[in-house]
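[1] here is the input, now give the coordinates:
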Amino acid sequence: MTAPNGPILFHSSAGSDTQSSGLGPSTAVYGAGASTTAASAVVTGIDTTGVSVGDLLWVQSSSDRQFSIIASVDSSTQVTCDDVFANTESSRTWAVGGKRATFDNADSRRLFREDAATNFLLETETDQTLTSSINRGPYGTVFPFIMLRGSGDTLKTITTTGNFSALIQAQSNGMVVYNLKFVGSAGNTSYGFTGGIASIIKCQFGDKGASTNFRSAVASSVYAGNVQIRESVMYGQGASVTGGYGLHSTYYAARGVMAYNCFIEDFYYGAYSNTNPFQMTNCIVSNATIGMKGDRYSITPSNCIFHSISSHAIELNSAPSSTYEKLWPLYQSSTYYWGRNIFVDVGGDVFHGDNNTTGPTETELGFHEHLTCYLYNASGFTGITFPSVILTADPFVDAANGDFNLNATNGGGGTLRSTNYTLGG
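    Below you'll find the model as predicted:
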């Protein structure tokens, strides 16, 4: 396959969904005379002025494929593409180069699904609006890996106009989502992202206290799915809104969720795993009813902060039935362990076993010093024993306004800074 010459660009005002392909000459060449032959990769009747191998050709075919990377420029009127076209047609609208305008356009949507290639990078230079989900489905259909990102140093916003998820990846070889912000519509009961194998990096879901937030942010919801999310922020509709998940690993997401350096606020559940592994490292969950809930010992929070949790900070769906299940996190990896977490203003138990049943003890888990937890205005290890350090002062600079840096107060942040195992010190 031919390597693309760069990203496929979108610009909602300066781009065109009728006279541009998104990759090629900066000023697009286009027309209405393209001819294709069924089962052939050759396209004739176009102008190849300024066109190069690795540019993207768009031909508005009546059905099936419309986009393909140019593998060779054969003449001033003909190219050969990486992919074959389905129909024998003439006088078709075509374009090479320039910028596409909108993700929402029916032809542009093909770049996410049917016409996607494993090395496609889709980049928007402006905010985008969706009138329905970008759905990389249906379930059982495998589309190639792609990357979707916003350009520049500021997040580009994707806004949904109704009650639906912005991105749905039913099943595919995966995707990377980078430098984007997802905003819903008032009362939206869906997710910002739901799907299978994906990496979400430096993204934001909603705004603090906004009515346009999704009820839930991210779900790994496909059999064998695995979602990694890093350096991202998630805002929900409020801790009292039931059914709201910051991060959710559903029953079918057999490989679960891994979250690193994320901030999660204003959800009923900060994180929830039905039955699957859920690793959360260096994350903050604030203003939730339940901080993190999971089945047995599939959930492994480490170096995390749980702040302003009205019920239990960490709640187990069921009790472990064997020593193996109690040690499940340690069997996975040396990085999978509970420990060095900070709990501040927790209304229920810090750790709550199902029906007050017995969880693992520090002897069973070992690594006592690594498992130490730090508590302020928090107590309760129902059925579970862990080493703990009781703080006598709030350890944060200004958590109410989102500043979770450690202060220097004795008994608070100063105590954490003086230990060998601190978070953020």
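[2] can I assume Thr194 is in contact with Gln169?
    Yes: with contacts counted by C-beta atoms under 8 Å, Thr194 reaches Gln169, the gap being 7.5 Å. Using the backbone N, CA and C atoms, a C-beta is placed for each residue, glycine as well.
[3] domains in the chain, by residue range?
    Here the domain assignment for the chain is 8-96, 112-417, based on automatic domain parsing.
[4] how about a markdown table for these, with distance to Met1 added?
    Rendered in a markdown table, the data for the domains of the chain read as follows (distance: least, C-beta to C-beta, whole Å):
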| stretch | distance to Met1 |
| --- | --- |
| domain 8-96 | 5 |
| domain 112-417 | 7 |
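[5] out of those domains, which gets nearest to Phe103?
    domain 112-417 (4.7 Å; C-beta to C-beta).
[6] any idea of the mean pLDDT for the closest one?
    Per-residue confidence for domain 112-417 averages out to 84 on the pLDDT scale.
[7] ends of that domain, what's the gap?
    Using C-alpha to C-alpha, to the nearest Å, the gap from the first to the last residue of domain 112-417 comes to 47 Å.
[8] from the chain's centre, how far out does that domain sit?
    In terms of C-alpha atoms, centre = their mean, to the nearest Å, the gap separating the centre of domain 112-417 from the centre of its chain is 10 Å.
[9] swap in stretch 13-26?
    A distance of 28 Å separates the C-alpha centroid of stretch 13-26 from that of its chain, computed with C-alpha atoms, centre = their mean.
[10] and it, what's buried?
    Along stretch 13-26, these residues count as buried under the neighbour rule (16 or more other C-beta atoms under 10 Å): Gly15, Ser16, Asp17, Gln19, Ser20, Ser21, Gly22, Leu23, Gly24, Pro25.
[11] what lies in contact with that stretch?
    Stretch 13-26 is touched from outside by 4-10, 28, 30, 50-52, 55-58, 67, 93, 95-102, 105, 107-108, 111, 126, with contacts defined as C-beta atoms under 8 Å, 6 or more residues apart in numbering.
[12] weed out the non-buried ones from those.
    The neighbour-count test (16+ other C-beta under 10 Å) marks 4-5, 7-10, 28, 30, 51, 55-58, 67, 93, 95-102, 105, 107-108, 111, 126 as buried among these.
[13] out of those residues, which are inside strands?
    Counted as lying in strands by DSSP state E, out of the buried ones among the contacts of stretch 13-26, are Ile8, Leu9, Phe10, Tyr30, Leu56, Leu57, Trp58, Phe67, Thr93, Ala95, Val96.
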